[in-house]
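In: Fold the stuff below for me.
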Amino acid sequence: MAEVTKVAEKYQQMDRHTEQVRRLALELFDQLERMHRMKGEDRFLLECAAILHDIGWSAGTAGHHKSTLALILGDTDLPLTQRERQLIGAIARYHTRSIPKKKHAHYASLRQSDKVKVSKLAAILRIADGLDATHSSVVMGIDCIVAKGRLTIKLRTKGDSSAEESEALKKGDLFQRAFRLEIVVKN
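Out: Take a look at the predicted model:
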């Protein structure tokens, strides 16, 4: 993980927001483990994607999510296998904007089981990113409850979290599709 963090620092993207998104993504993953039944390898992929999700900003403001994918695929300082690069790149690419689509060449090139993995992990990353919408680390912690076709995320905050609540719900579109659960965010 230290090598992955160095790469984020190289692109000047290892900041409070990145750390907050990493922390929240891992909290979501861990609290939802009984539901998603993914493994430690998947947690590693999510953590790497969370650390690297915004490195594309270094290439400019237009399409930073696509630039992030390109940088992850091409950066020789990342000590990852080609498959790990493909998965982490795709997870990070879908942290914002559009959700995975068959017409996206990189996503289409993945095997079916990896497409499912990318969708689920990107869904978690999107919510974590939304929970730091203002980049002010207002969300101190979360408690997840899955019941009756719904994921309720209870927030522990240190101030106004209305922007975070709204953005997490907006970015929950992929989660709803991947896990077939409605999302509710409460402070």
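In: What is the burial count for the residue lying closest to residue 168 once chain neighbours are set aside?
Out: Using Cβ to Cβ, 6 or more residues apart in numbering and skipping residues adjacent in sequence, the residue nearest residue 168 is residue 130, 3.6 Å away. The C-beta positions use only the backbone N, C-alpha and C, and glycine is treated the same way. When neighbours are defined as other Cβ atoms under 10 Å, residue 130 has 24 of them.
In: OK, contacts around residue 130?
Out: Counting by Cβ atoms under 8 Å, 6 or more residues apart in numbering, residue 130 touches 164, 167-172.
In: between the residues you listed, which has the most around it?
Out: For those, neighbours tallied by other Cβ under 10 Å; top is residue 168, 26 neighbours.
In: Geometric centre of the protein: which residue is closest?
Out: residue 125 (1.8 Å; Cα atoms, centre = their mean).
In: Leaving aside the residues adjacent along the chain, what's closest to that one?
Out: What sits nearest to residue 125 in space, not counting adjacent residues and going by Cβ to Cβ, 6+ apart, is residue 95, at 4.8 Å.
In: I'd guessed that neighbour sits against residue 122; true?
Out: Yes - using Cβ atoms under 8 Å, residue 95 makes contact with residue 122 at a distance of 6.5 Å.
In: who's residue 153 bridged to?
Out: Taking DSSP bridges as the rule, residue 153 bridges to residue 144, residue 185.
In: List the contacts of it.
Out: Counted by Cβ under 8 Å, 6+ apart, residue 153 has contacts 28, 127, 131, 142-144, 168, 183-186.
In: redo that, cut-off 6 Å
Out: Contacts for residue 153 (Cβ atoms under 6 Å, 6 or more residues apart in numbering) come out as 142, 144, 185.
In: That one and residue 105, how far apart?
Out: Residue 153 sits 33 Å away from residue 105, taking Cβ to Cβ, to the nearest Å as the criterion.
In: just so I have it, where are all the strands in this structure?
Out: Secondary structure of the chain by DSSP state E: the strands cover 139-147, 150-157, 182-186.
In: As JSON lines, these with mean pLDDT would be great.
Out: Output for these, formatted as JSON lines (pLDDT from 0 to 100):
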{"stretch": "strand 139-147", "mean pLDDT": "97"}
{"stretch": "strand 150-157", "mean pLDDT": "97"}
{"stretch": "strand 182-186", "mean pLDDT": "95"}
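In: now the ones you listed as a markdown table including distance to residue 64?
Out: Formatted as a markdown table, these follow (distance: least, Cβ to Cβ, whole Å):
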| stretch | distance to residue 64 |
| --- | --- |
| strand 139-147 | 22 |
| strand 150-157 | 25 |
| strand 182-186 | 24 |
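In: which one of those lies closest to residue 23?
Out: strand 139-147 (9.2 Å; Cβ to Cβ).
In: That's all I had, so thanks and see you.
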